[in-house]
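# need coordinates for the below:
(one chain, ligands or ions: 1)
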Amino acid sequence: MINRYIKKLVSYGIETGLLKTEDKIYATNQLLEILRLNEYEEPEKEYTDIDLEEVLKAICNYAFEQKIIDDNGTATRDLFETKLMNVLLPRPSEVIHKFQTCYKDSPKKATDYFYQFSQDSNYIRRYRVSKDIKWVANTRYGDLDITINLSKPEKDPKAIAAAKNAKQGGYPKCLLCKENEGYAGRINHPARQNHRIIPIQINNSQWGFQYSPYVYYNEHCIIFNGEHIPMKVEKTTFKKLFDFIKLFPHYFIGSNADLPIVGGSILSHDHFQGGNYEFAMAKAPMEQYY
Ligand SMILES: [Zn+2]
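The predicted model follows:
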């Protein structure tokens, strides 16, 4: 049974282009190691149109039955499935190289590639994002976009209890730090082995470009400072915003203020959010000039 799911996962890697056919045996062996198996008999059947959620679910169930993972809660399963996905993925340098090659053709080609990659790698969990509820509400102020986001996993009680007792590590310093790339995670910090960051130059300094794993709107991206320094809205903020738009003219960029009251979630790390989406406010007609 497990052999079938190993083959399906490797076939998914090849089907999506994450893996090359030359890497098939290597990747299979890496999965065997994680699943503590010494032997493998490849099923004869060839698989296409693979349902990733189903495959990961089946392998996680197997891992729990075999006591490879000691808990069956969402937090532990998410850590384990991310470890599995990492087997299928290229190293950061390869992703950066591909992004830069596409960028030479056009910025849009580069972001199309990276957005697709970020979903195929399961960094953006499509099967969770698809559960989000979205609609447009017609109001006296114009059309408003309403979304109910269901893709951030509900914390399971065991994870909350474990997090309470877990030592507060200082690594990575926060969820936005570049040190998350490839990090295995722990019960109170998500696994990021399947995370890749594109380095970009903003305001003459090193920044990172990535997508939000919870995509609140189309191609929801995050642009973050290479250093863990606090958010501060100041004169250079405008230079940073315009530098980004010059690099990616088909995207918008914006930010919450540097105040907790307006919903800024990670104020300890300088960052912006952007994407390929037109918000209701941008579509609204101008009422008054100042
Ligand atoms: Zn940080």
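
# what does the chain put close to the ion?
The chain comes close to the ion at residues Lys173, Cys174, Leu176, Cys177, His228, His269, as judged by C-beta under 5 Å from the ion. Heads up, the C-betas are built off the backbone N, CA and C, glycines and all.

# if we use 8 Å, what do you get?
Contact residues, the chain versus the ion (C-beta under 8 Å from the ion): Pro172, Lys173, Cys174, Leu175, Leu176, Cys177, Phe224, His228, Ile266, Ser268, His269.

# pLDDT score for the first one?
Pro172 is assigned a predicted lDDT (pLDDT) of 94.

# that one reaches Asn180, doesn't it?
Yes: counting by C-beta atoms under 8 Å, Pro172 does reach Asn180; the two are 5.0 Å apart.

# looking at those two, which one has more neighbours?
Comparing Pro172 with Asn180 by other C-beta atoms under 10 Å, the one with more neighbours is Asn180, at 22 against 18.

# buried ones in the helix or strand Lys109 falls within?
Under the criterion of DSSP states H and E, Lys109 resides in helix 107-120. Neighbour counts over helix 107-120 (16 or more other C-beta atoms under 10 Å) mark Pro107, Ala110, Thr111, Tyr113, Phe114, Tyr115, Phe117, Ser118, Gln119, Asp120 as buried.

# what about Thr21, distance to Lys173?
The span separating Thr21 from Lys173 equals 40 Å under the rule C-beta to C-beta, to the nearest Å.

# ugh, wrong one, Glu22
From Glu22 to Lys173 the distance is 38 Å (C-beta to C-beta).

# repeat for Tyr217
Distance, Tyr217 to Lys173, by C-beta to C-beta: 27 Å.

# again with Gln66
Gln66 is 35 Å from Lys173, by C-beta to C-beta.

# how about Leu18?
29 Å.

# and after the helix or strand bottoming out on mean pLDDT in the chain, which helix or strand comes next?
Ranked by mean pLDDT, DSSP states H and E, the helix or strand of the chain with the weakest confidence is helix 157-165, at a mean of 68. For helix 157-165, the following helix or strand on the C-terminal side (DSSP H and E) is strand 198-202.

# and that following strand, what does it pack against?
Packing contacts for strand 198-202, counted by 3 or more C-beta pairs under 8 Å, 6 or more residues apart in numbering; DSSP states H and E, involve helix 92-105, strand 205-211, helix 235-247.

# could you redo the last one with a cut-off of 6 Å?
Counting contacts by 3 or more C-beta pairs under 6 Å, 6 or more residues apart in numbering; DSSP states H and E, strand 198-202 is packed against strand 205-211.

# any residues touching the strand it packs on, and which ones?
Strand 205-211 is contacted from outside by Ser118, Lys178, Ile197, Ile198, Ile200, Cys221, Ile222, Ile223, Phe224, Asn225, Gly226, using C-beta atoms under 6 Å, 6 or more residues apart in numbering.
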